[in-house]
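Asker: Build me a structure from this.
(one chain, ligands or ions: 1)
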Amino acid sequence: MKVDGRHYRTIWSERDDRVQVIDQTRLPHAFEVLTLEDLEAAAQAIERMVVRGAPLIGATAAYGLALGLRRDASDDGLEGGYARLLRTRPTAVNLRWALDALRSTVAPLPVDERAEAAWQHAARLCDEDVELCRRIGEAGLPLFRAAAEAKSSGEPLRVLTHCNAGWLATVDWGTALAPIYMAHDAGIPVEVWVDETRPRNQGAALTAWELGRHGVPHKVIADNAGGHLMQQGLVDLCIVGTDRTTANGDVCNKIGTYLKALAAKANGVPFYVALPYPTIDWQVERGRDIPIEERSSREVTHIWGRDEEGRIREVQVTPDGSAAANPAFDVTPAELVTAFITDRGVCPANRAGLAGLYRQAEAGQ
Ligand SMILES: CSC[C@H]1O[C@H](OP(=O)(O)O)[C@H](O)[C@@H]1O
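Answerer: This next block holds a predicted model:
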């Protein structure tokens, strides 16, 4: 998307021995680009959430493995790089999906052809991600248009979203935010309630930044305000991303998503999940079998921001000695999801819905 008039992806390469990424730990107060020159740098960028979001984690891991093969394309180098990247973060399935796909591409090749093949594969994966997200936007647009038309004339469509599932979470466009961008660009009046999304504030820091740059009206709210706004009739629909969706439609997403889905169900508010196919885990039946990342308690006890002098700093928000727990994701059962908005259209949040879209597509129907 555009940043001050210039188009950016979240990850790109200007030379075939390094990649550039936007350092998301510095947003919204600084826009800084980081250059990753080897596999370990890519692994640490994922672990430190310099890059984050299921699709972008997958894209970064693909380029990271390609960087690793530039230095060691042996079977040991491939397997060692795969293992290092796989253990960076446990929940988003795109990580394993991307690593498996790249390994399948290069493993059968002669060692001296692997690095270049991996590089081309990573580039294709990024291009595909952009197209998948664009299609999610197109699939969601009719839903947004119908919801807007159902309102009294001139009133904006009020959409609540949680965390960041925008272009910063993908290579471009985003998943949950893609229909919002397309509706806005189509002249549909949309206003977004942006859950701050404690503890790392991906909503307040990243979603608000993205929407602001695209000119989409929005208000940042405390995570705990969403239920109240729904009770007041001030939310027309919710749309969120996903880090892993099971074959039966359970959705693992940023911590707090489940609470929003419960409030939406209780108040008759449609709750949509934007879902690109690499985020479907066909091997897992139930959401409770998904590994939930436990991140550092410091992310709860401390918070980052900009002080009066313009310095980006971390401050402590809890008493010395208070412990903290930090589960980074939760699972929303399929029955709380109104529908999936996918790269192949809209479907019910269940096995039949997913299989109907993807099995048919697999069979070329
Ligand atoms: C389109 S995936 C976005 C997804 O990833 C976020 O998690 P994190 O920021 O920890 O990588 C969050 O769950 C978003 O919904």
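
Asker: Residues of this structure that sit close to the ligand?
Answerer: When proximity is defined as CB under 6 Å from any ligand atom, the chain approaches the ligand at 52-55, 163, 165, 169-170, 175, 202, 240-241, 243, 253-254, 328. For the C-beta atoms, the positions are set from N, CA and C on the backbone; glycine is no exception.

Asker: Break down the stretch 1-150 of the chain into its helices, ranges please.
Answerer: 39-47, 54-71, 75-86, 93-106, 111-149 (DSSP state H, counting those that start in this stretch).

Asker: how many neighbours does the closest residue to residue 169 other than its chain neighbours have?
Answerer: Nearest non-adjacent residue to residue 169, counting by CB to CB, 6 or more residues apart in numbering: residue 53, 2.5 Å away. Using other CB atoms under 10 Å, residue 53 is surrounded by 30 other residues.

Asker: how near is residue 53 to residue 59?
Answerer: 9 Å (CB to CB, to the nearest Å).

Asker: what residues are shared contacts of the two?
Answerer: By the contact definition CB atoms under 8 Å, 6 or more residues apart in numbering, residue 53 and residue 59 are jointly contacted by residue 170.

Asker: need the helices of the stretch 1-150 of the chain in CSV with mean pLDDT and distance to residue 232, can you?
Answerer: CSV is the format used below for the helices of the stretch 1-150 of the chain (pLDDT from 0 to 100; distance: least, CB to CB, whole Å):
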stretch, mean pLDDT, distance to residue 232
helix 39-47, 98, 39
helix 54-71, 98, 32
helix 75-86, 98, 44
helix 93-106, 98, 36
helix 111-149, 98, 17
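
Asker: looking at those, which is buried most?
Answerer: helix 54-71 (a mean of 27; mean count of other CB atoms under 10 Å).

Asker: Summarise which helices and strands that helix is packed against.
Answerer: For helix 54-71, the packing partners by 3 or more CB pairs under 8 Å, 6 or more residues apart in numbering; DSSP states H and E come out as strand 11-15, strand 18-22, strand 33-36, helix 39-47, helix 75-86, helix 93-106, helix 111-149.

Asker: ok and the last one relative to strand 18-22, angle-wise?
Answerer: Using axes from the mean of the first three to the mean of the last three CA atoms, to 10 degrees, the inter-axis angle of helix 111-149 relative to strand 18-22 is 20 degrees.

Asker: So what would you say the end-to-end distance of stretch 240-258 is?
Answerer: Taking CA to CA, to the nearest Å, stretch 240-258 runs 11 Å from one end to the other.

Asker: Number the residues from 48 up from this point.
Answerer: Done: numbering now begins at 48, and the last item shifts to stretch 287-305.

Asker: what mean pLDDT would you report for that stretch?
Answerer: The average pLDDT within stretch 287-305 is 97.

Asker: what about that stretch, distance to the chain center?
Answerer: Distance, stretch centre to chain centre, for stretch 287-305: 11 Å (CA atoms, centre = their mean, to the nearest Å).

Asker: likewise stretch 140-159?
Answerer: 22 Å.

Asker: can you pull the contacts of residue 70?
Answerer: 79-81, 97.

Asker: residue ranges of the strands in the stretch 298-412 of the chain, please?
Answerer: Ranges of strands within the stretch 298-412 of the chain are 298-301, 318-322, 327-328, 349-353, 359-363, 376-379, 386-389, 392-394, based on DSSP state E, counting those that start in this stretch.

Asker: circling back to that earlier point, mind putting the helices of the stretch 48-197 of the chain into TSV with distance to residue 382?
Answerer: Below are these laid out as TSV (distance: least, CB to CB, whole Å):
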stretch	distance to residue 382
helix 86-94	32
helix 101-118	22
helix 122-133	31
helix 140-153	21
helix 158-196	19
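
Asker: wait, residue 108 sits on residue 132?
Answerer: Yes: using CB atoms under 8 Å, residue 108 makes contact with residue 132 at a distance of 4.6 Å.

Asker: what do these two both touch?
Answerer: With CB under 8 Å, 6+ apart as the test, residue 108 and residue 132 both reach 89, 93, 142, 146.

Asker: what residue lies at the spatial centre of this structure?
Answerer: residue 100 (3.3 Å; CA atoms, centre = their mean).

Asker: and the gap between the nearest residue to residue 323 once chain neighbours are set aside and residue 232?
Answerer: In space, and not counting its chain neighbours, residue 323 is closest to residue 179: 4.3 Å by CB to CB, 6+ apart. From residue 179 across to residue 232, the span is 18 Å (CB to CB).
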